[in-house]
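Enquirer: sequence below, structure please.
(one chain, ligands or ions: 1)
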Amino acid sequence: MSVTRELYKFGASSIASLQSRLPNSDGFFFTITKVSDPAYAFSVLVPLAAGIHTLLAADLLVASLVAEWSNTLLKWLLMEDRPYWWVREVELTGLRTPTLRQTPLTCETGPGSPSGHVMGATAVMYVLREWIEHYYIIPHEDLSDKKKRALNLLSWTFLIWAVVFVSLSRLYVATHFPHQCVLGFFFGLMVGRLLVCKTSAWTWWWRRGSWKRLLCISALLTSISISAYWFQRALGIDPQWSVRLAFKWCEHAEYLHVDTTPLYSLVRDSGAAIGVALSSPVHSLLHLERIVQSTINSHWPP
Ligand SMILES: O=P(O)(O)OC[C@H]1O[C@@H](O)[C@H](O)[C@@H](O)[C@@H]1O
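Expert: Predicted coordinates:
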C-alpha cells in the first residue's frame with residue numbers, strides 16, 4: 001500500500017513540476033489530448049481513413065474499440081486513483097501534497113490506470129504502422145532492403161515520440177500519474193500486436209470471420225461488459241466509485257462530462273463492435289476485390 005502511495009507522491013510532484021515549468025502550454029497539450037481521445041478515433045480518424053480505404057477504416061475501428069473496451073475493464077480491475085482527486089483525498093489524512101492545477105480537460109471520471117488515451121493511441125498507431133509496412137513498404141520493389149529498414153525505423157521512432165507527447169499531455173492536465181501512461185503504452189502495444197502482428201494467430205481475424213461469427217463475438221464482448229459491472233456490484237463494489245470522486249473533487253462542474261464515464265465507453269464499444277459485424281459482408285467484398293485487382297495487376301500485360 002505504501003509503495004502505491006510513494007508512487008503517487010512521486011507522480012504528483014512530477015506533474016506539479018511539469019505544470020510549473022511549462023506554464024503557457026495549454027493550447028499545445030490540450031490539442032494533443034483531444035486528438036488522442038479514443039472518442040476522436042471513432043468520430044474523426046475512422047471516417048477519414050474510410051476515404052483512403054474501407055479496410056483501413058475497419059482495422060482502425062477494431063483497434064480503437066478493442067483498446068478502449070479492454071482499457072475500461074482493466075481500469076475497473078486495477079481501481080487506481082487519478083492525481084487531481086488523489087492529492088485532495090490524501091490531504092484529508094494530513095499528508096502534504098503539491099497543488100495541481102485543474103484544466104477543462106482534467107476531470108475524467110473513470111479510474112486512472114492504465115491511461116486510455118495512451119493505450120488507444122498506441123494501438124491505433126501500431127495498426128497504422130503495420131498498414132504502411134504491409135501495403136506500402138514491403139511490396140515496393142524499387143526500395144532497397146536498407147531503405148525499407150530505415151523507413152521501418154522511422155515509423156517506430158514516430159510512434160514512440162507520439163506516445164511520449166500524449167503521455168506528457170495527460171500528465172500536464174493532471175489526469176494521470178506517469179506509471180499509468182507507461183502501463184497504457186504496454187497494453188496498447190499488446191492490443192496492436194494481438195490484432196495485426198504477422199506472427200499472431202489473431203491477425204486481421206475480423207476480415208476473415210463471417211458476419212454471424214463477428215456478431216457472436218460482439219455479443220460476447222457486450223455480455224462481458226455487463227457481467228463486469230454486475231460482478232462488482234455482487235462483490236459490494238460501486239462501479240461508479242470513480243465518478244463520485246470526480247464529482248467530489250472537480251473544481252468546476254462544467255469540466256465534468258458524461259462521455260468520460262466507463263459505462264459510456266462500454267456502450268460505445270459494444271455498439272461499434274455490432275456495427276463492424278453487420279458491415280463485414282461489405283468488407284469481405286472489398287477484400288476480394290483487392291485480391292482480384294492485385295492478381296490482375298501482377299499478370300498484366302499477359
Ligand atoms: O484513461 P484516459 O486517458 O483518461 O482516457 C479514457 C477516456 O477518455 C475520455 O475522454 C474518453 O471520452 C473515453 O472514451 C475514454 O475511455
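Enquirer: show me the contacts for residue 148.
Expert: 137-138, 140 (CB atoms under 8 Å, 6 or more residues apart in numbering). Heads up, the C-betas are built off the backbone N, CA and C, glycines and all.
Enquirer: which of the residues you listed tops the neighbour count?
Expert: residue 137 (16 neighbours; other CB atoms under 10 Å).
Enquirer: next to the ligand, which bits of the stretch 1-150 of the chain? Give me the list.
Expert: 37-39, 68, 108, 110, 115-117 (CB under 6 Å from any ligand atom).
Enquirer: take the contacts of residue 148 and keep only those in helices.
Expert: Using DSSP state H, no member of these falls in helices.
Enquirer: all helices of the stretch 201-302 of the chain, in order?
Expert: Per DSSP state H, counting those that start in this stretch, the stretch 201-302 of the chain carries helices over the ranges 205-208, 211-234, 241-249, 262-278, 280-298.
Enquirer: can you put these in JSON lines and add mean pLDDT and distance to residue 76?
Expert: Putting those into JSON lines (pLDDT from 0 to 100; distance: least, CB to CB, whole Å) gives the following:
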{"stretch": "helix 205-208", "mean pLDDT": "78", "distance to residue 76": "25"}
{"stretch": "helix 211-234", "mean pLDDT": "95", "distance to residue 76": "6"}
{"stretch": "helix 241-249", "mean pLDDT": "97", "distance to residue 76": "9"}
{"stretch": "helix 262-278", "mean pLDDT": "94", "distance to residue 76": "7"}
{"stretch": "helix 280-298", "mean pLDDT": "63", "distance to residue 76": "29"}
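Enquirer: so of the ones you listed, which one's packed in deepest?
Expert: helix 262-278 (a mean of 19; mean count of other CB atoms under 10 Å).
Enquirer: contact partners of that helix?
Expert: Under CB under 8 Å, 6+ apart, the answer for helix 262-278 is 38-39, 42, 58, 61-62, 64-65, 68-69, 71-72, 75-76, 109-111, 116, 206, 211, 214-215, 217-218, 221-222, 225, 229, 239-240, 242, 258.
Enquirer: quick check: the residue of this protein nearest the ligand.
Expert: residue 116 (2.8 Å; CB to the nearest ligand atom).
Enquirer: which SSE is residue 130 in?
Expert: Per DSSP states H and E, residue 130 falls inside helix 116-131.
Enquirer: tell me what angle the helix or strand following that helix forms with helix 116-131.
Expert: Using DSSP H and E, the helix or strand that directly follows helix 116-131 along the chain is helix 145-172. Angle, helix 145-172 to helix 116-131, by axes from the mean of the first three to the mean of the last three CA atoms, to 10 degrees: 170 degrees.
Enquirer: tell me the mean pLDDT over helix 145-172?
Expert: Across helix 145-172, pLDDT averages out at 95.
Enquirer: show me what counts as buried in that helix.
Expert: For helix 145-172, the neighbour count (16 or more other CB atoms under 10 Å) marks 151, 155, 159, 162-163, 165-172 as buried.
Enquirer: ok, stretch 118-133 next?
Expert: By neighbour count on 16+ other CB under 10 Å, the buried set for stretch 118-133 is 118-131, 133.
Enquirer: chain neighbours aside, what residue packs nearest to the residue most central in space within the chain?
Expert: In the chain, the residue lying closest to the centroid (CA atoms, centre = their mean) is residue 120, at 1.3 Å. Spatial nearest neighbour of residue 120, excluding adjacent residues (CB to CB, 6 or more residues apart in numbering): residue 38 at 4.2 Å.
Enquirer: what's the burial count for the closest residue to residue 104 other than its chain neighbours?
Expert: Leaving aside its chain neighbours, residue 104 sits nearest to residue 255 (5.4 Å; criterion: CB to CB, 6+ apart). Residues lying near residue 255 (other CB under 10 Å) number 17.
Enquirer: what does the one 4 residues further on give?
Expert: Applying other CB under 10 Å, we find 10 other residues in the vicinity of residue 259.
Enquirer: just the element for the closest residue to it other than its chain neighbours, please.
Expert: Among residues not flanking residue 259 along the chain, residue 39 sits closest, at 6.3 Å (CB to CB, 6+ apart). In the assignment (DSSP H and E), residue 39 maps to helix 38-40.
Enquirer: which strands and helices sit next to that helix?
Expert: On a contact count with 3 or more CB pairs under 8 Å, 6 or more residues apart in numbering; DSSP states H and E, helix 38-40 meets helix 54-78, helix 116-131.
Enquirer: extract the CA atoms of the next helix or strand after the longest one and return them as CSV.
Expert: Looking back up the chat, that one is helix 54-78. Using DSSP H and E, the helix or strand that directly follows helix 54-78 along the chain is helix 83-91. The C-alpha trace of helix 83-91 is given here as CSV (Å, rounded to 0.1, in the frame of the first residue of the first chain):
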residue,chain,number,x,y,z
PRO,A,83,-3.9,12.6,-9.5
TYR,A,84,-6.3,15.5,-9.4
TRP,A,85,-8.6,13.8,-6.8
TRP,A,86,-5.9,11.8,-5.1
VAL,A,87,-4.0,14.9,-3.9
ARG,A,88,-7.2,16.2,-2.3
GLU,A,89,-8.2,12.9,-0.8
VAL,A,90,-4.9,12.3,1.0
GLU,A,91,-4.8,15.9,2.2
